[in-house]
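Asks: missing the sequence, but the structure's below:
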């Protein structure tokens, strides 16, 4: 359980390729005794490459639209009093299974005004108290008109690393990639009070594509 901070976007697929060499090498050794058993090692190899996929996406959204920061399923939509977004803020939690793309994208266009990384436990990400106890990375984004949003990257039971390549002062376009969580996780976005929420618990969303709210 450790962090990685990159000065520029990290080539996620390259990292996946490196990790996939482990079961592939093991399969090569096993093939000396049994080629059938060696073929089994192709399963984790293919899965790792699948998990680390980094698809390009085109973002089409109106100026007031707030996009999902992650692929996955909406766990909850709840209230939260946040020091940056104010009282009565809205917290949307998104659960990412191991089959989802784990790239995080900026929900709005703006400048990173806050950043905080905190080590923690490895509770399953779908648990309600995981956001308070698990390892997490919090990024605050402020739009040109001064509206503030918070995005939290939260590890899960399997996740071991949170990756990000932005820090205070970084400027993000709407839908731009800013981080990655390796193996099962949760991403939260905190919206200011008065936001018109357009998603509900159980709904599937896509990072940089699904409009989860609108600022009036």
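Replies: That came through, no problem. Because the structure is predicted, anything quoted here is derived from the model rather than measured. Numbers count the residues shown, from 1 in each chain.
Asks: contacts and neighbour counts: CA atoms only from here.
Replies: Fine.
Asks: And the pLDDT for the closest residue to residue 112 other than its chain neighbours?
Replies: Nearest residue to residue 112 in three dimensions, chain neighbours excluded: residue 141, at 4.5 Å (CA to CA, 6 or more residues apart in numbering). Note for residue 141: predicted pLDDT of 98.
Asks: in the sheet, who's paired with residue 141?
Replies: On the basis of DSSP bridges, residue 141 is bridged to residue 112, residue 149.
Asks: So it sits against residue 114, correct?
Replies: Yes - contact criterion CA atoms under 8 Å: residue 141 and residue 114 qualify, at 7.2 Å.
Asks: Of these two, which one has the most company?
Replies: Counted by other CA atoms under 10 Å, residue 141 and residue 114 do not tie: residue 141 has more neighbours, with 26 against 15.
Asks: wait, what's in contact with that one?
Replies: Each residue near residue 141 by CA atoms under 8 Å, 6 or more residues apart in numbering is listed here: 108, 110, 111, 112, 113, 114, 148, 149, 150, 151.
Asks: Can you tell me how far the residue in the chain sticking out farthest from the centre is from residue 40?
Replies: Residue farthest from the centre of the chain, counting by CA atoms, centre = their mean, is residue 33 at 41.0 Å. Per CA to CA, to the nearest Å, residue 33 is found 13 Å from residue 40.
Asks: what do you get for residue 145?
Replies: Distance, residue 145 to residue 40, using CA to CA: 55 Å.
Asks: Looking at these two now, which is surrounded by more residues?
Replies: The neighbour count for residue 145 versus residue 40, taken as other CA under 10 Å, is higher for residue 40 (14 against 7).
Asks: pLDDT wise, what is the residue farthest from the centre of the chain at?
Replies: Reported pLDDT for residue 33: 74.
Asks: Go ahead and report the secondary structure state at it.
Replies: Per DSSP: H, G, I helix; E, B strand; the rest coil, the secondary structure class of residue 33 is coil.
Asks: show me the contacts for it.
Replies: Contacts of residue 33 were listed using CA under 8 Å, 6+ apart, and none were found.
Asks: so how far is residue 43 from it?
Replies: Residue 33 is 19 Å from residue 43, where distance means CA to CA.
Asks: Can you get me a residue count around the nearest residue to residue 101 once chain neighbours are set aside?
Replies: By the measure of CA to CA, 6+ apart, the closest residue to residue 101 outside its immediate chain neighbours is residue 71, 6.0 Å from it. The local packing of residue 71 (other CA under 10 Å) involves 26 other residues.
Asks: picking up where we left off before, which one among the contacts of residue 141 gets closest to residue 212?
Replies: Comparing these against residue 212 with CA to CA places residue 108 closest, at 11.2 Å.
Asks: so when I look at that closest one, I'm seeing a helix, right?
Replies: No - using three-state DSSP, the secondary structure at residue 108 is coil, not a helix.
Asks: For the nearest residue to it once chain neighbours are set aside, give me its contacts.
Replies: Sequence neighbours aside, residue 174 is the residue nearest to residue 108 in space, at 4.4 Å (criterion: CA to CA, 6+ apart). For residue 174, the contacting residues are 59, 67, 105, 106, 107, 108, 109, 110, 208, by CA under 8 Å, 6+ apart.
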